[in-house]
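Student: Sequence plus the predicted model coming up.
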Amino acid sequence: MAKKESELKKIKLYLCTKEVKVMAKGPEKNTKNKALHTKLMNRKKAKLQEEKKEKALRMKALVAKMNEMNKSKEE
């Protein structure tokens, strides 16, 4: 029984030391590029949404103008 407990302690100690070795040392890498990429992608998305809204407004105005022209032709 004591032998198994000592083996379990060794295994736990081994796992603990392995976890420490796996952890990276130093600062995170490439965070500046990731942040810049996210910023640029957000700008791109905002620009595309704005263009989509402007296009929808132009189309709405064009449809209204065409409807008005059709009404004036019918009269």
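Tutor: Noted; the coordinates are in hand.
Student: quick one: what helix or strand has the most centrally placed residue in the chain in it?
Tutor: In the chain, the residue lying closest to the centroid (Cα atoms, centre = their mean) is residue 38, at 7.1 Å. Taking DSSP states H and E as the definition, one finds residue 38 inside helix 31-74.
Student: What is the distance between that helix and the centre of its chain?
Tutor: 22 Å (Cα atoms, centre = their mean, to the nearest Å).
Student: avg pLDDT for that helix?
Tutor: Per-residue confidence for helix 31-74 averages out to 93 on the pLDDT scale.
Student: picking that back up, quick check: the gap between the residue nearest to the centre of the chain and residue 28.
Tutor: In this structure, residue 38 lies at 14 Å from residue 28, with Cβ to Cβ, to the nearest Å as the measure. In short, each C-beta sits where N, CA and C put it, glycine included.
Student: Could you do residue 34 as well?
Tutor: Residue 34 sits at a distance of 9 Å from residue 28 (criterion: Cβ to Cβ).
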